[in-house]
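Peer 1: following is a predicted model, sequence given first.
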2 protein chains.
Amino acid sequence: MKIMLIGFGLVGQGLLQLLHDKAESLQAEQGFTPKIVAVATGSRGILYHPDGLSIPALLAAKGNPAAYKLDAERDFASALELIQCKEADVVIEVTPTNLENPAKATAHCQAAIASKKHLITANKGPIAKHYNELMSAAKSAGVEIRFEATVMAGTPCIAMGRELLSGAKIHEARGIVNGTTNYILTQMESGLSYESALKQAQELGYAETDPTADVEGWDAAAKVLILLAAFFGKQAQLSDLSVTGITGISQADIENAKAAGERYKLIASVSPEGGSVKPMRLPLSDPLAQVSGATNAISFNTDVMGNISLIGKGAGAGETGFALLADLLTIHRKLF
Amino acid sequence: MKIMLIGFGLVGQGLLQLLHDKAESLQAEQGFTPKIVAVATGSRGILYHPDGLSIPALLAAKGNPAAYKLDAERDFASALELIQCKEADVVIEVTPTNLENPAKATAHCQAAIASKKHLITANKGPIAKHYNELMSAAKSAGVEIRFEATVMAGTPCIAMGRELLSGAKIHEARGIVNGTTNYILTQMESGLSYESALKQAQELGYAETDPTADVEGWDAAAKVLILLAAFFGKQAQLSDLSVTGITGISQADIENAKAAGERYKLIASVSPEGGSVKPMRLPLSDPLAQVSGATNAISFNTDVMGNISLIGKGAGAGETGFALLADLLTIHRKLF
């Protein structure tokens, strides 16, 4: 399977590391022998070789493939040109998410589909904003689009909702899809103030220096847009959603909930009617109430199966790279 | 997709009810238009029609298709002859599980594979006892074998371990795979004696009049054999497993665990080293400790993703029929 990697940050490197570490078992157990025929970075050049680039060499060169002196074609005006002009089975789009303006990443996706390459992406922008258009183009072109990595990293909530539960009607899905805020709420429950818990989350690398996107609920909201599209084919805008973060929750609120046998969780909800992000007090019997620390979870309410819940890690380069690998293997099973 | 249904008990009827209720959405959303070309019962005859039998008529006739006066070929010596002689895309084997002697069901499975039909089964016997042999025959014949329904009904633990996590190394999987015993333990924790809890489980239809298979751990052990095969390709016998049920657990044990902040659960474990079934005291922080009543759960410990847990219903005609439907849809996505 010939793969083009568009974007070469932590997630792309995470995938290559997995392909390197697991090369033997993937080949022996699943007959999966990927070739990375191209790596495109935004500002540091593009490498292409039809027989595949050396994965250890790419990992050694990390974010700067152009620096690596290897036998490769480099003469491309842009990643877009690379996608349009060269052969591959799959394009993996892992450039950084820009939710306000995903035009560039969307163009990569469209070019992949137009040139009849399967598309796998970890980029929230194109899926959140152009899902129906991309899906309909992919259907016409006879290619797959997979985007497990966009929500809950390698914990397979997208495949679960779209494939394993495709015979059921999903009435609603509720999730803890932002690990940072769940970590902060968990720490607050064990007595820390919001400020101390946030500081701890920043020290552990869970939260950014500017934590707004997490604590105000916008990261979760972007995932709500993707889940609405993935589970209900519903294209929405951030402005269509009711979004409340965790900054308004005091230690007193947490204590009151605790006294009532409940727990605050930042819940992302999607249903055919729409989506929201808001802190909710859940009884301890709710599977989501038991999810602590940076762990993520999703609970599907369905017609035939009632509630089905999935709990796992939702962030990390290896964990997100794993989602890309799972998508690759699904396409591989279908094609080969 | 042309389907032969071998066995027509509650699970087979559950599937037909789903196909009937969901006919419109399955066709509109997934282009899935199944035809039941044959139904075979053990002692009440066989019906076959190459253009498909009427699903409402079959449901009306329930377990006795031969009683239904419809235009069908009935002249078959056995289900085996039907499978061997007539065309279909998929054989669904849902005759009753006989773990001691699964020869008849295994012959159905082998005949399906030999005649190049995909195989879906809810029957634990052939998978627990002849997994590797069946898989290797299926590989040679170029057909699929799916058996989601054999463990945790429609909660997709098999697809999760074999497909969604196929890029990971599963170190161990631990599950609550018997709802009856979990219901009894949950009721004992709220103060009931073992005897009263068992009686309640029997009244609710969770437990059989002779509850031995559940409470002594043998139902869970059969599922351990299947999980060992499915996740590790390891063929074991019941006698290879260490199996302990819940009959030795007293109310005092339950109270002691509770006082220590723990809960008793009947845990089925599988790893590359082997499998076991035994009551274990779990800390409340363990996702499995939170699974109450007749609900099932499985927790995978993996290399890349750490722990991933799946919680859902594990029994019921509709829920088990749903597993068959999910397997049908997976094959449909692959083929069409």
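Peer 2: Structure's in. What do you need?
Peer 1: quick one: A:M1 and A:H332 touch, right?
Peer 2: Yes - contact criterion Cβ atoms under 8 Å: A:M1 and A:H332 qualify, at 6.0 Å. Where you see a C-beta, it was placed from the backbone N, CA and C, and this is true even at glycine.
Peer 1: any residues in contact with both of these two?
Peer 2: Counting by Cβ atoms under 8 Å, 6 or more residues apart in numbering or on different chains, the common neighbours of A:M1 and A:H332 are A:F32.
Peer 1: and the helix or strand where A:E81 lies, what's buried?
Peer 2: In the assignment (DSSP states H and E), A:E81 maps to helix A:79-85. By neighbour count with 16 or more other Cβ atoms under 10 Å in any protein chain shown, helix A:79-85 contains the buried residues A:79-80, A:82-83.
Peer 1: how about that helix as PDB, C-alpha atoms only?
Peer 2: Coordinates of each C-alpha in helix A:79-85 appear next as PDB, following Å, rounded to 0.1, in the frame of the first residue of the first chain:
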ATOM      1  CA  ALA A  79       1.600  19.300  -1.300                       C
ATOM      2  CA  LEU A  80      -1.400  19.900  -3.600                       C
ATOM      3  CA  GLU A  81       0.700  19.400  -6.700                       C
ATOM      4  CA  LEU A  82       2.200  16.300  -5.200                       C
ATOM      5  CA  ILE A  83      -1.200  14.800  -4.500                       C
ATOM      6  CA  GLN A  84      -2.500  15.600  -8.000                       C
ATOM      7  CA  CYS A  85       0.500  14.400 -10.000                       C
END
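Peer 1: what parts of the stretch 51-200 of chain A come near chain B?
Peer 2: Selection of the stretch 51-200 of chain A residues close to chain B by Cβ under 8 Å from any Cβ of the partner chain yields A:154-156, A:159-160, A:163-169.
Peer 1: which one (most neighbours) among those?
Peer 2: Ranked by neighbour count (other Cβ atoms under 10 Å in any protein chain shown), those have A:G154 at the top, with 33 neighbours.
Peer 1: my guess is it contacts A:K313, does it?
Peer 2: Yes - assessed by Cβ under 8 Å, A:G154 is found in contact with A:K313 at 7.0 Å.
Peer 1: identify the contacts common to the two.
Peer 2: A:319, B:305.
Peer 1: run the chain-centre distance for the lowest-mean-pLDDT helix or strand in chain A.
Peer 2: When the helices and strands of chain A are scored by mean pLDDT, DSSP states H and E, helix A:55-61 comes last with a mean of 91. Computed by Cα atoms, centre = their mean, to the nearest Å, the chain-centroid distance of helix A:55-61 equals 24 Å.
Peer 1: wait, does stretch A:290-298 make contact with chain B?
Peer 2: Yes - against chain B, stretch A:290-298 shows contacts by Cβ under 8 Å from any Cβ at A:290, A:292.
Peer 1: return that stretch as PDB; C-alpha atoms alone will do.
Peer 2: As requested, the backbone C-alpha atoms of stretch A:290-298 are provided in PDB (Å, rounded to 0.1, in the frame of the first residue of the first chain):
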ATOM      1  CA  GLN A 290     -16.700   6.900  36.400                       C
ATOM      2  CA  VAL A 291     -14.200   8.200  33.700                       C
ATOM      3  CA  SER A 292     -11.500  10.000  35.500                       C
ATOM      4  CA  GLY A 293      -8.300  11.900  34.700                       C
ATOM      5  CA  ALA A 294      -7.400  12.500  31.100                       C
ATOM      6  CA  THR A 295      -9.400   9.500  29.800                       C
ATOM      7  CA  ASN A 296     -12.100  10.000  27.200                       C
ATOM      8  CA  ALA A 297     -15.400   8.100  26.800                       C
ATOM      9  CA  ILE A 298     -18.500   8.000  24.700                       C
END
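Peer 1: quick one: mean pLDDT for that stretch?
Peer 2: The average pLDDT within stretch A:290-298 is 95.
Peer 1: ditto for stretch A:106-122
Peer 2: 98.
Peer 1: buried residues, that stretch. List them.
Peer 2: Quick answer for stretch A:106-122 (16+ other Cβ under 10 Å): A:106-113, A:115, A:117-122.
Peer 1: ok but A:A297 is inside a strand, no?
Peer 2: Yes - A:A297: assigned to a strand according to DSSP: H, G, I helix; E, B strand; the rest coil.
Peer 1: that one: neighbouring residues, count only.
Peer 2: A:A297: 26 surrounding residues under other Cβ under 10 Å.
Peer 1: what sits against it?
Peer 2: A:175-176, A:287-288, A:291, A:309-312.
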